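>>> predicted coordinates and the sequence they were generated for:
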Amino acid sequence: MTSYLYRAPAGIPGEVTRPDETTVEPGILSLDFTPAAYGLALKTTGGGSTTFQTMGAAGTADTAAFFYGVLSRIAPSVSSNVAGSNTYAGAGPNIISTQGIVTRGYVNVLCPTGTPIRGNNVFVVVVAYANQPIGSFTATINGTNTVLLPNVIWASDNKDAQNNAEIRIAR
Amino acid sequence: MTQIIKARAFDSAVRTQDSTLAYFINQLENFEQKLHEPLYSVTWDRDIKLRSGVTLAYELTSFTRTSVAGVGTQQANGKPWLSANSNTIPTVSVNGEKIATPLRLLGREISYSSVELERSQLLGQGIDVAQMSAFNLMYQMDTDSQVYVGDVATGDVGLVNNPIVAAGAVTGAEWDTATPATILEQVNELLTSVWASSGYAICPSELRIPPQQYGLISTKIVSTAGNVSILQYLAQNSIANNINGRPLNIQPLKWLVGAGEGDTDRMMAYTNNEDFVRFPMVPVRRETAYYQGIRFIAPYIWGFGSIEFVYPETVGYRDGI
């Protein structure tokens, strides 16, 4: 299934792209609004708990201040459980494992809408709309569905055919 | 429900939307541990010679083109006829131009934590080996792209898209509808025009065409009376074989698809010789690896110039084939 004609893709969502200048913090995922994929924005659950859930969870009016980091990909690792079983053959990040959260540096994310331009604004989706689930990133503002992240920029121009693009998180 | 595109790796039982390189395996499943890497093709080492003596310390590569001149005694551009007692003997003049192009540094790291390495070894699919071969794939494809088309970001041009090379449209139909005679004429026109523009000094020994056209001429018979393909006929009977003493080397090249004016398919004739056209490149080397916490990181660096057309006269493009 995999063959490349001219270029390989630009990345895999959640993959740290420039390890030397990137900080990855450990974090436990929340059972509610667990991120369905790597490379999504996370916030703390709050209320005395510091587990992490997808940004935009519960339809709350999340602001940029809620943004904690991006769920990074650990490979190899066991993927998530399938609901109602203990097979760990699911599709998403694993709740029982400690996950890595990129809080500074360079990480690959998906940008389904808009064209990233190096240095330009990065928006995080807090209310899902076409092709953009909560916690995903976009280069194009979409009303109150998106929130501008002031300390995040696109780290390079354009995206690949699978919408992979690189962001840089400042600290 | 909105769905983000996560497709990356699959297994037959469960679609692993976010592949994390560890899979769910049934007890009755014969799992093959071999890494099946992506298929890709690079041809740069077939089509270009590397310029020798370039290191990463250089920021530019350059060369000179020399021109010479000399006046005649009877006519400006004539011969230096002399009389037996003349003391006004004309001389020769030499001029030159220097062409410099940037040599740029490139680099990539491979990186994994000790735990990721240990896990991958447990799976029999070492992440160190997988990352190294991924690195090599990227490096090879980068080199291929730099050699043939240069780079959009840096403005470098490559072997198939240099604006200083004589280009033009072919006369007659595209090859999928053209008669064999038309195809032969089109190729011959390209070869003779490049030969002529080099002052008949260098007749191209290489012809590159897009893969579709290559398939077409390798099966199409040269004429109703013939029994050889156009490909075979061209290799043996073009002027290149007569002049250079070896058959015209015709090869398929994916970068020529849509490389012509208005995204038409292009063919290219040239001579693969370091004196005429070459690629300044510093092959990849590994720098000192380092550790960051539990993470192992190994940086690799290399250098790309852009293709040097020492004699652009020895190269020619024709579009619309």
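Looks like it arrived, so ask away. Residues are numbered from 1 along each chain as shown, chains lettered A, B, ... in the order given.
>>> alpha carbons only for contacts and neighbour counts from here, please
Will do.
>>> so which residue is dead centre in chain B?
The C-alpha lying nearest the average C-alpha coordinate of chain B belongs to residue B:148 (C-alpha atoms, centre = their mean; 3.5 Å).
>>> contacts only, for that residue.
B:44, B:157-161, B:255 (C-alpha atoms under 8 Å, 6 or more residues apart in numbering or on different chains).
>>> likewise for residue B:183?
Contacts of residue B:183 (C-alpha under 8 Å, 6+ apart): residue B:175.
>>> secondary structure element for it?
Residue B:183 is part of helix B:180-197, with elements assigned from DSSP states H and E.
>>> one step back: ok, the contacts of residue B:148 vs chain A, which is closest?
residue B:255 (8.2 Å; C-alpha to the nearest C-alpha).
>>> now do the strands in the stretch 51-200 of chain B.
Assigned by DSSP state E, counting those that start in this stretch, the strands in the stretch 51-200 of chain B fall at B:60-69, B:93-102, B:104-113.
>>> then chain A?
With DSSP state E, the ranges of strands along chain A come out as A:23-27, A:41-46, A:49-54, A:69-72, A:99-110, A:121-125, A:137-138, A:146-154, A:164-169.
>>> who wins for proximity to chain B among those?
strand A:99-110 (8.1 Å).
>>> and the pLDDT at residue B:101?
Looking at residue B:101, its pLDDT stands at 95.
>>> whoops, I mixed them up, residue A:17
pLDDT at residue A:17 comes out at 94.
>>> ok, now which ones touch it?
Contacts of residue A:17 by C-alpha under 8 Å, 6+ apart are A:11, A:106-108, A:166.
>>> enumerate every residue touching the residue positioned nearest the centre of chain A.
For chain A, residue A:40 is the residue whose C-alpha lies nearest the centre (C-alpha atoms, centre = their mean; 1.8 Å). With contact set as C-alpha under 8 Å, 6+ apart, residue A:40 has these partners: A:14, A:54-55, A:70-71, A:109, A:135-137.
>>> repeat for residue A:51
Taking C-alpha under 8 Å, 6+ apart, one finds A:27-30, A:44-45 in contact with residue A:51.
>>> from residue B:192, how far off is the residue nearest to the centre of chain B?
Per C-alpha to C-alpha, to the nearest Å, residue B:148 is found 23 Å from residue B:192.
>>> same thing with residue B:38?
For residue B:38 relative to residue B:192 (C-alpha to C-alpha), the value is 41 Å.
>>> once you drop chain neighbours, what's closest to residue B:156?
Nearest residue to residue B:156, sequence neighbours excluded (C-alpha to C-alpha, 6 or more residues apart in numbering or on different chains): residue B:150, at 4.6 Å.
>>> surely that neighbour is in contact with residue B:305?
No: using C-alpha atoms under 8 Å, residue B:150 is not in contact with residue B:305, being 9.1 Å away.
>>> how about low-confidence regions in chain B?
Flagging of chain B using pLDDT under 70 yields the residue ranges B:1-19.
>>> number of residues surrounding residue 76?
Reading this off chain A. 22 (other C-alpha atoms under 10 Å in any protein chain shown).
>>> hmm, no, I was thinking of chain B.
That count, for residue B:76 with other C-alpha under 10 Å as the rule, works out to 10.
>>> can you list the weak-confidence ranges in chain A?
Ranges of chain A meeting pLDDT under 70: A:1, A:59-60, A:82-87, A:89, A:91.
>>> quick check: residues of it near chain B?
A:2-8, A:12-13, A:18-20, A:37-38, A:73-79, A:87-93, A:112, A:128-133, A:162 (C-alpha under 8 Å from any C-alpha of the partner chain).
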